[in-house]
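[1] Could you work out the structure for the sequence below:
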Amino acid sequence: MTPDPGRRTPVWIKVLVYFHILCVVIWTLPVRNELTKPNVRPIGTDWLLAMNLRHVRTQPWVKAYLFGTGTWQYWDMFAPNPANSDGYGDALVKFKNGEERTYWYPRIRDVPIPGKLPLERFRKFFERAGDENTAYLWLPFARVVARDMNKDPNNPPVLVILRSHRQPIAAPGKPQQTEYTVKEYFRYVVEPWMLKEGA
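    All right, here's what the predicted structure looks like:
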């Protein structure tokens, strides 16, 4: 089958694809701790990795593009230090009448295959939101949970408790722990004005 000479890919699409590949390669090149130490003098391919880490990966346009489009990647599921715990997040919501309900995000393992990709980035946010480095997100995150759970104007949410659940993954041949450790990392007393329409 011969290609149709009248159908050509627009230049802007080619540029976008090449730019995307460039950013992904810059971001996913290995980062080695020893390269960040001033007394290490890298040579060969280590020099290339060091230059990428110190001068290219730190460029604002790289982060702006990858984080803005949600295409960044950390290789913590691979060697040399793969993730060694299973975790998920939820929120305990208390209402005016004393009732408590759990607000949770579907775990990817429980979602049918077609629904996994659209939910994955949000799941990753919920899973990692309890990290101290993301404390600036806790208040707006808790407000979103409160608004989402505000179904009855006579029984509004009054308290949101953000929680993370962690379970260490046992080494090969060792018994697997079945219980998750629950950590409350943020409490938000809901402001009534925030639940009003247009707040």
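[2] only C-alpha atoms for contact and neighbour calcs from this point on.
    Fine.
[3] Domain map for the protein?
    Each structural domain of the chain that the record assigns through automatic domain parsing is listed here as a residue range: 11-69, 85-195.
[4] Least reliable of those domains by average pLDDT, please.
    Set side by side, those show their lowest mean pLDDT on domain 11-69, which sits at a mean of 81.
[5] okay if I get the domains of the chain as TSV plus mean neighbour count?
    Below are these laid out as TSV (neighbours: other Cα atoms under 10 Å):
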stretch	mean neighbour count
domain 11-69	13
domain 85-195	15
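[6] So which residues of the chain form strands?
    Assignment of strands within the chain using DSSP state E yields the ranges 85-95, 100-104, 157-168, 181-189.
[7] Quick one: closest of the ones you listed to Thr9.
    Comparison of these against Thr9 by Cα to Cα identifies strand 85-95 as nearest, at 42.3 Å.
[8] May I have the closest one exported as PDB, CA atoms only?
    What follows is strand 85-95, C-alpha atoms only, in PDB (Å, rounded to 0.1, in the frame of the first residue of the first chain):
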ATOM      1  CA  SER A  85       4.900  -0.100  50.600                       C
ATOM      2  CA  ASP A  86       1.300  -0.200  49.400                       C
ATOM      3  CA  GLY A  87      -0.800   2.800  50.200                       C
ATOM      4  CA  TYR A  88      -4.000   4.700  49.600                       C
ATOM      5  CA  GLY A  89      -5.800   7.800  50.900                       C
ATOM      6  CA  ASP A  90      -9.200   8.700  52.100                       C
ATOM      7  CA  ALA A  91     -11.000  11.200  54.300                       C
ATOM      8  CA  LEU A  92     -13.200  10.800  57.200                       C
ATOM      9  CA  VAL A  93     -16.100  13.400  57.000                       C
ATOM     10  CA  LYS A  94     -18.200  14.300  60.100                       C
ATOM     11  CA  PHE A  95     -21.600  15.900  59.700                       C
END
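[9] Now do that strand: distance to the chain's middle.
    How far strand 85-95 lies from its chain's middle: 15 Å, per Cα atoms, centre = their mean, to the nearest Å.
[10] Packing partners of it?
    Counting by 3 or more Cα pairs under 8 Å, 6 or more residues apart in numbering; DSSP states H and E, the packing neighbours recorded for strand 85-95 are strand 100-104, helix 113-128, helix 138-149, strand 157-168.
[11] between those, which gets nearest to Arg41?
    Using Cα to Cα as the measure, helix 113-128 is the one of the helices and strands packed on strand 85-95 that comes nearest Arg41, at 34.7 Å.
[12] just how off-centre is the closest one within its chain?
    Going by Cα atoms, centre = their mean, the spacing between the C-alpha centre of helix 113-128 and its chain's C-alpha centre is 8 Å.
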